[in-house]
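Enquirer: Dropping a prediction and its sequence here:
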Amino acid sequence: MHSVTKTKLSDRYETVKPIVQQTDKQVYLVEVPQQYHKLYQLTRFFCQDPKTAQQALQVFELELERLKQRNEPQIQGIKDFFCRDQWFYLVQDYIEGESYERIRKKGKWNEYDTVAWLNQLLPVLSDLHRHNISHRNISPENIIWVEQQELPVLINCGIGQEIENYIKGVREEKPAANQQISEQCAQDLRDLAVTALALFSGKDPKDLYNRNTKQLQWEQIPLLSDSRTKVFSWIFEEHSEQDSLTADAISQRLNTVLPPEMTVVVSSLIWKLFFGGIGGIFLLFLSNIGLVALKNEISSFAEKSPAPEQQLRTRRQNESPAPQIQEEPEVELYHRNLIPVGSFHFNEKALGKNVSYVREDNTMIGAVYNAEDPDTFTCFKATIRPSNVDVKWWGNLWLIGKSGSTSNDYYTISVFTADNSTPKPGLDNSYAVRKCQN
């Protein structure tokens with residue numbers, strides 16, 4: 001296998017190089033002769049009995065087929081799976097890039113980068129979980145930064161490990177199907193949160209836990225703001241059906257930062273100085289005199305000054321008629337079941353960005369932009385049909401990870417109209433929409 005000569009595997013794939021060589025498991029980098037420079041990762045598991053391979057295929061066929069149908073650029077896709085004699089074959093896309101485990105070791109991230117990274121992956125899990133698919137193996141090692149896409153990609157889905165365990169005879173008691181997928185999806189989100197905290201702190205994920213209590217040690221995660229700490233704490237809590245842990249719920253909480261409450265704190269010493277003893281009484285007396293004088297001054301000014309309505313009438317009489325100003329187009333903002341928050345269902349790099357648009361019948365024109373820089377935006381025009389949507393992009397395509405002057409993309413209507421979050425107010429950008437309309 002280590003020779004330069006390429007070897008055929010199951011008459012479909014030619015080996016490029018071996019990656020893992022074990023008695024019961026072999027992993028290869030392979031290619032299809034008819035596909036120029038398209039590489040795949042082929043894993044094959046040895047079964048003592050050919051019947052075991054067929055049984056494994058029957059057990060996992062449905063989930064493997066669902067994963068195969070997912071055309072998501074941020075998930076390692078499944079190309080093929082089959083049995084030959086005593087071997088079970090699993091063929092996946094080959095993802096070339098740098099693992100986030102290596103990136104973690106290079107240094108800590110700031111909070112902004114951590115949240116932006118989560119905003120790139122939460123939509124991916126939202127889409128998976130909506131189709132009752134869980135990853136079950138999220139860790140820094142199983143997320144790859146793909147420079148060509150400028151996006152993180154989830155690899156090594158846990159179904160591969162489950163297939164291997166099944167072939168080895170390892171069986172686990174599983175809860176009911178609905179309960180199982182719900183628990184698996186929740187665990188995906190907790191694992192993603194732990195990975196984010198590892199990148200933020202620069203620590204190994206296992207070092208973030210107390211060895212005895214198995215609880216997160218928040219003192220190991222310094223400089224995280226209070227509002228974001230509350231979000232992460234909420235992720236690791238027990239959740240009911242009314243307060244379910246979902247990728248969309250996390251995204252909404254994570255990207256909603258409330259300003260700190262304004263409170264006035266007066267020390268007990270100051271209160272004693274101002275309101276204690278004779279000195280306090282004297283100060284209160286002076287303050288009352290000052291308040292009375294201020295009230296009289298305000299009343300005197302109000303009597304001398306004309307009422308606001310009178311001032312407005314006088315000003316209108318002296319001014320020339322105001323010019324007619326064209327009304328701004330009405331901007332529909334984040335309407336449910338029309339367009340998702342952000343634009344990750346466009347499968348573009350516009351994760352965590354804002355969308356403003358106007359819609360007339362089946363045509364939408366709008367802009368994708370960052371709230372921090374609303375003057376820089378990417379325009380889009382979406383033509384909505386009964387079963388599909390055509391989207392044309394132009395202007396600042398680098399903002400969504402594209403190049404050139406324009407780009408045309410096609411999306412299914414189910415993906416385009418996916419309702420994945422609660423509408424957020426205050427993010428419309430009518431200026432950008434008007435520019436895109438022109």
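Expert: It's in.

Enquirer: Where does the prediction get shaky in the protein?
Expert: 1-6, 172-179, 241-242, 257-353, 387, 412-428 (pLDDT under 70).

Enquirer: Return the distance of stretch 50-70 from the chain's centre.
Expert: Taking Cα atoms, centre = their mean, to the nearest Å, one finds the center of stretch 50-70 at 29 Å from the center of the full chain.

Enquirer: Could I get the buried residue list for it?
Expert: Within stretch 50-70, the residues that count as buried by 16 or more other Cβ atoms under 10 Å are T52, A53, Q55, A56, L57, F60, E63, L64, L67. C-beta: built from backbone N, CA, C; applies to glycine.

Enquirer: Counting neighbours, which bits of the helix or strand that contains L199 end up buried?
Expert: Per DSSP states H and E: L199 is located in helix 177-201. Buried residues in helix 177-201, counting neighbours by 16+ other Cβ under 10 Å, are found at 182, 184-189, 191-201.

Enquirer: Please apply the same query to stretch 360-378.
Expert: For stretch 360-378, by 16+ other Cβ under 10 Å, it's M364, I365, G366, A367, V368, Y369, P374, F377, T378.

Enquirer: hey, C-alpha coordinates of it in PDB?
Expert: Listed next in PDB are the C-alpha coordinates belonging to stretch 360-378 (Å, rounded to 0.1, in the frame of the first residue of the first chain):
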ATOM      1  CA  GLU A 360     -43.100  42.800  -3.500                       C
ATOM      2  CA  ASP A 361     -45.000  39.700  -4.500                       C
ATOM      3  CA  ASN A 362     -42.300  37.100  -5.100                       C
ATOM      4  CA  THR A 363     -39.300  39.400  -5.400                       C
ATOM      5  CA  MET A 364     -37.100  40.400  -2.500                       C
ATOM      6  CA  ILE A 365     -34.300  43.000  -2.700                       C
ATOM      7  CA  GLY A 366     -32.100  43.600   0.200                       C
ATOM      8  CA  ALA A 367     -28.700  43.800   1.800                       C
ATOM      9  CA  VAL A 368     -26.400  41.800   4.100                       C
ATOM     10  CA  TYR A 369     -24.200  43.700   6.400                       C
ATOM     11  CA  ASN A 370     -22.500  44.000   9.800                       C
ATOM     12  CA  ALA A 371     -24.300  46.100  12.400                       C
ATOM     13  CA  GLU A 372     -20.900  47.600  13.300                       C
ATOM     14  CA  ASP A 373     -20.400  48.800   9.700                       C
ATOM     15  CA  PRO A 374     -23.800  49.300   8.000                       C
ATOM     16  CA  ASP A 375     -22.300  51.300   5.100                       C
ATOM     17  CA  THR A 376     -20.500  48.200   3.800                       C
ATOM     18  CA  PHE A 377     -23.000  45.700   2.500                       C
ATOM     19  CA  THR A 378     -23.700  43.000  -0.100                       C
END
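
Enquirer: Output the contacting helices and strands for the lengthiest strand in the chain.
Expert: Using DSSP state E, we find that the single longest strand of the chain is strand 373-384. Where contact means 3 or more Cβ pairs under 8 Å, 6 or more residues apart in numbering; DSSP states H and E, strand 373-384 is packed against strand 363-370, strand 388-394, helix 413-416, helix 430-437.

Enquirer: how close does G158 sit to Y410?
Expert: 31 Å (Cβ to Cβ, to the nearest Å).

Enquirer: neighbour count winner among these two?
Expert: Set G158 next to Y410 and count neighbours by other Cβ atoms under 10 Å: G158 wins out with 16 against 9.

Enquirer: Spatially nearest residue to that one, not counting backbone neighbours?
Expert: Closest residue to G158 apart from its sequence neighbours, by Cβ to Cβ, 6 or more residues apart in numbering: R136 at 2.9 Å.

Enquirer: ok, the one you found - contacts?
Expert: Neighbour list for R136: C157, G158, I159, Q161, E162, Q184, Q187, D188 [criterion: Cβ atoms under 8 Å, 6 or more residues apart in numbering].

Enquirer: How about Q74?
Expert: Contacts of Q74 by Cβ under 8 Å, 6+ apart are Q120, L121, V124, Q149, L151, P152, V153, L154.

Enquirer: What's the ChimeraX syntax to select whichever of those residues are buried?
Expert: Restricted to buried positions by 16+ other Cβ under 10 Å, the ChimeraX selection for the contacts of Q74 reads:
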select :120,121,124,151,152,153,154
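
Enquirer: quick one on the thing from earlier: name the helix or strand for the residue nearest to G158, please.
Expert: Using DSSP H and E, R136 sits in no helix or strand.

Enquirer: and the gap between it and A432?
Expert: 40 Å.

Enquirer: how close does A247 sit to Y36?
Expert: Noted for A247: a distance of 37 Å to Y36, by Cβ to Cβ.

Enquirer: In terms of packing, which of the two has more residues around it?
Expert: A247 (24 against 7).

Enquirer: hang on, the earlier thing: among the contacts of Q74, which ones are in strands?
Expert: Those of the contacts of Q74 lying in strands (DSSP E): L151, P152, V153, L154.

Enquirer: The third one reaches P73, doesn't it?
Expert: By that I understand V153. Yes. Using Cβ atoms under 8 Å, V153 is in contact with P73, at 7.4 Å.

Enquirer: coming back round to it: what's the closest of the ones in strands among the contacts of Q74 to Y94?
Expert: Minimum separation from Y94 among the ones in strands among the contacts of Q74 (Cβ to Cβ) is found for V153, which lies at 11.1 Å.

Enquirer: So in terms of bridging, what pairs with the closest residue in space to I19 that isn't next to it in sequence?
Expert: Closest residue to I19 apart from its sequence neighbours, by Cβ to Cβ, 6+ apart: V27 at 4.3 Å. With DSSP bridges as the criterion, V27 is bridged to V20, T43.

Enquirer: In terms of residue numbering, what are the domains of the chain?
Expert: For the chain, the structural domains run 8-93, 98-171+179-254, 344-437, going by automatic domain parsing.

Enquirer: Please list the outside residues in contact with stretch 158-174.
Expert: Taking Cβ under 8 Å, 6+ apart as the rule, stretch 158-174 contacts 24-25, 43, 45-47, 52-53, 56, 59-60, 63-64, 67, 88, 90, 134-137, 180.

Enquirer: at 6 Å instead, please
Expert: With Cβ atoms under 6 Å, 6 or more residues apart in numbering as the test, stretch 158-174 has contacts from F45, C47, T52, A56, F60, E63, R136, N137, Q180.

Enquirer: Could I get the full set of strands for the chain?
Expert: According to DSSP E, the strands that the chain contains are 8-9, 13-21, 25-31, 39-46, 78-84, 87-93, 98-99, 143-146, 151-154, 354-360, 363-370, 373-384, 388-394, 406-412.

Enquirer: So which of those is nearest T213?
Expert: Closest to T213 of the strands of the chain is strand 143-146 (Cβ to Cβ; 26.9 Å).

Enquirer: Show me what the closest one is packed against.
Expert: strand 151-154 (3 or more Cβ pairs under 6 Å, 6 or more residues apart in numbering; DSSP states H and E).
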